[in-house]
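K.L.:
starting from these lines, generate the structure:
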Amino acid sequence: MGAIELNRIEKWFGDLQVIKGIDLGIRDGEFVVFVGPSGCGKSTLLRMIGGLEEISRGNLVIDGRDVTSDPPSKRGLSMVFQSYALYPHMSVRDNMGFSLKTAGAPKSEIDEKVGEAARVLKLEDFLDRRPKALSGGQRQRVAIGRSIVRDPTAFLFDEPLSNLDAALRVEMRYEIAKLHRALGRTMIYVTHDQVEAMTLADRIVVLEYGTIAQAGTPRELYERPANLFVAEFIGSPAMNILPCGVSGGRVVVSGGRPVEVPVTDAPVRLGVRPEHLAPAAPGEGLADATVEVLEYLGADTYLIVDAGEVGRITIRVAGEPGVAVGDRIGIRATGPVHLFDAEGHALR
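P.N.:
Here you go, the predicted model:
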């Protein structure tokens, strides 16, 4: 019902190509998140799927039907924007039912669909209020409810939580996850917030300057990044990337010491996540460093250390780190490491 297929999709603005031949299949009922840095093309790609941007080359198929040239109204999709775009003079009830009213739906059908959407989104007690009497999270739920009543094939979300404060973002992530489970509809979600991506997605698509750097489950991207771009983008704090080479048949951190990992073809970068490092006695581990900053976060503490030629490294320690600013420590790898070649491709 909600399968979407992108075949060699391109977008050109004059001589500038911003989407560079995207091939992607989205299964019916799947929750797919587009992530990437600003300017990577994620919102443009979403708007092309929704019909708000013309597809320059390639074709878009929804439920087996080529909709490349169809207007937005013919694609059966519903879009939720960063801006709530609610009518301030209308009640929540009228805002949610407005699209059905303009389409000429009978009042009984409008009332039924608005009531069902309000029940799903816990808005029954607010139907007669106007937007100014609602919180930011409630307004966003109204905007989502306006999409639900249209009974779309799929939902498109363009950074819907970026205007909310931190607590409301957490609450709305929970609400959107519940909504996906309740409706079972295909959802495509654009965000620059990797926490949203990791917690919501069945599959994440990481975009890099108009191309797909990697697509996979959150666990696949975190544990097996395909390249340096994904390795550094996914994860907070970011993966530590250290220069390395091969000497005497062993991988050696440049300016540091050998690392006990199988040698692969000419690695030039070694990546290790902060939680897979631990402080050790000087002279032990992959390098020595001086503790520069301790960031206490309650359950965890981040140690930011200066390892000289190796570079600055972040270590994630559970609870008390047992070291102080200015201490000289060794850095020991306690978990998997990742090796990358000169082109940034993962070697293991």
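K.L.:
where does the stretch 151-300 of the chain have low pLDDT?
P.N.:
Across the stretch 151-300 of the chain, nothing is flagged by pLDDT under 70.
K.L.:
beta-bridge partners for Val272, please?
P.N.:
Assessed by DSSP bridges, Val272 has beta-bridge partners Asn240.
K.L.:
so who does it touch?
P.N.:
Counting by Cβ atoms under 8 Å, 6 or more residues apart in numbering, Val272 makes contact with Met239, Asn240, Leu242, Ala333, Gly335, Pro336, Val337, His338. For every residue, glycine as well, the C-beta is placed using N, CA and C.
K.L.:
which one of these sits closest to Asp15?
P.N.:
Met239 (35.6 Å; Cβ to Cβ).
K.L.:
now that closest one: phi and psi?
P.N.:
Per-residue torsions, Met239: phi -60, psi 140 (degrees, to the nearest 10).
K.L.:
please apply the same query to Gly344.
P.N.:
phi 90, psi 10.
K.L.:
any idea how far it lies from Ala231?
P.N.:
As judged by Cβ to Cβ, to the nearest Å, Gly344 and Ala231 stand 9 Å apart.
K.L.:
out of the two, which sits in the more crowded spot?
P.N.:
Ala231 (26 against 17; other Cβ atoms under 10 Å).
K.L.:
what's the helix or strand for the spatially most central residue of the chain?
P.N.:
In the chain, the centroid-proximal residue (Cα atoms, centre = their mean) is Ala197; its distance is 3.1 Å. Per DSSP states H and E, Ala197 falls inside helix 194-200.
K.L.:
that helix: which residues count as buried?
P.N.:
Gln194, Glu196, Ala197, Met198, Leu200 (16 or more other Cβ atoms under 10 Å).
K.L.:
so Val291 sits in a helix?
P.N.:
No - using DSSP: H, G, I helix; E, B strand; the rest coil, the assignment for Val291 is strand, not a helix.
K.L.:
pretty sure it contacts Asp327?
P.N.:
Yes - the criterion here is Cβ atoms under 8 Å, and Val291 meets it with Asp327 at 4.8 Å.
K.L.:
tell me which of these two has more neighbours.
P.N.:
Val291 (19 against 16).
K.L.:
OK, contacts around the residue nearest to the centre of the chain?
P.N.:
Val33, Val35, Tyr189, Thr191, Ile204, Pro218.
K.L.:
isn't the second one up against Val195?
P.N.:
No - contact status for Val35 versus Val195: not in contact, 10.4 Å apart, counting by Cβ under 8 Å.
K.L.:
doesn't Asn7 belong to a strand?
P.N.:
Yes - per three-state DSSP, Asn7 lies within a strand segment.
K.L.:
ok, now how distant is it from Asp23?
P.N.:
Taking Cβ to Cβ, one finds Asn7 at 6 Å from Asp23.
K.L.:
Ser56 too?
P.N.:
For Ser56, the distance to Asp23 - Cβ to Cβ - is 15 Å.
K.L.:
for Lys178, same thing?
P.N.:
31 Å.
K.L.:
for Leu100, same thing?
P.N.:
From Leu100 to Asp23 the distance is 36 Å (Cβ to Cβ).
K.L.:
now Thr211
P.N.:
10 Å.
K.L.:
Ala226 too?
P.N.:
From Ala226 to Asp23 the distance is 15 Å (Cβ to Cβ).
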